[in-house]
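1. could you work out the structure for the sequence below:
(one chain, ligands or ions: 3)
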Amino acid sequence: MLSSRNIFLIGPMGAGKTTIGRRLADKRGLEFIDSDHEIEARTGVDIPYIFEKEGEPGFRRREQQTIAELVERQGIVLATGGGAILDPRNRQALAAHGFVVYLHASVEQQVQRTARAANRPLLQASSDRRETLARLFEIRDPLYREIADLVLHTDHRGARTLLREIERHVDRD
Ligand SMILES: Nc1ncnc2c1ncn2[C@@H]1O[C@H](COP(=O)(O)OP(=O)(O)OP(=O)(O)O)[C@@H](O)[C@H]1O
Ligand SMILES: O=C(O)C1=C[C@@H](O)[C@@H](O)[C@H](O)C1
Ligand SMILES: [Mg+2]
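-> Numbers count the residues shown, from 1 in each chain. Ligands and ions are numbered 1, 2, ... in the order given. The predicted structure follows:
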């Protein structure tokens, strides 16, 4: 059934996965889950703390386990962490269990939208956010594209336009 179809949002930090995902779920009467928030709820600590104690590999293990469980649900909008697509198991799981939307943002927009500190230890540790985001983007952009059913450019486009576009494609596909 259309309404029980999962929608998975992927893309870099600052692309708008959490913002758009929450609104999309509201609009379609679906449950919204953010994998970063889910990991925090399960561990009871925030993401920077997990990186500090277990390193990025520890965080990725938790992320993989969480995503493997979440994709089995039905009727969810899932916003994934910016690096979730690095693990081929996550790419396979997302591609197999829902409609995958790649929220694309230029590095310049990523820089602007990540200006405020949040759960982004990979950026907090870096002295040059632009350089870090550009490096990550070069590696990750092909991986986002590999599993995307829809690539949406978010630069200079507001949430309402993006929601409309996503709904048009999900309902048509
Ligand atoms: N289309 C948009 N236009 C303008 N600002 C936006 C847009 N989408 C998101 N933003 C703003 O950019 C910031 C980052 O958005 P958001 O937290 O949703 O990104 P994210 O993809 O979830 O990032 P992360 O991977 O770090 O969790 C927020 O301040 C949000 O309000
Ligand atoms: O781009 C990344 O690798 C990350 C993005 C965030 O969503 C978090 O999942 C974490 O900070 C790592
Ligand atoms: Mg987010």
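
2. need the three-state assignment for residue 151.
-> Following DSSP: H, G, I helix; E, B strand; the rest coil, residue 151 is assigned to strand.

3. what residues are up against it?
-> Applying C-beta atoms under 8 Å, 6 or more residues apart in numbering to residue 151 gives the contacts 102, 104, 144-145. In this view, the C-beta of every residue, glycine as well, is placed from N, C-alpha and C.

4. cool, and residue 98?
-> So residue 98 contacts 5-8, 71, 76, 78 (C-beta under 8 Å, 6+ apart).

5. and stretch 152-163, which residues are buried?
-> Buried residues in stretch 152-163, counted by 16 or more other C-beta atoms under 10 Å: 152, 154, 162-163.

6. and the contacts of that stretch?
-> In this structure, residues lying in contact with stretch 152-163 by C-beta under 8 Å, 6+ apart are 11, 15-16, 19-20, 23-24, 27, 101-106, 108-109, 165-166.

7. and the contacts of residue 151 near ligand 1, which?
-> Among these, no residue sits close to ligand 1 (C-beta under 6 Å from any ligand atom).

8. what's the spacing between the helix or strand hosting residue 168 and its chain's center?
-> Assigned by DSSP states H and E, residue 168 belongs to helix 159-172. Its chain's C-alpha centre and that of helix 159-172 lie 17 Å apart, by C-alpha atoms, centre = their mean, to the nearest Å.

9. next one: stretch 12-21
-> Chain-centre distance of stretch 12-21: 6 Å, with C-alpha atoms, centre = their mean.

10. how about it: buried residues?
-> By neighbour count on 16+ other C-beta under 10 Å, the buried set for stretch 12-21 is 12-21.

11. sheet-wise, list the partners of the longest strand seen in the chain with their directions.
-> Assignment by DSSP state E gives strand 99-104 as the longest strand of the chain. If you go by DSSP bridges, strand 99-104 pairs up with strand 7-10 (parallel), strand 150-153 (parallel).
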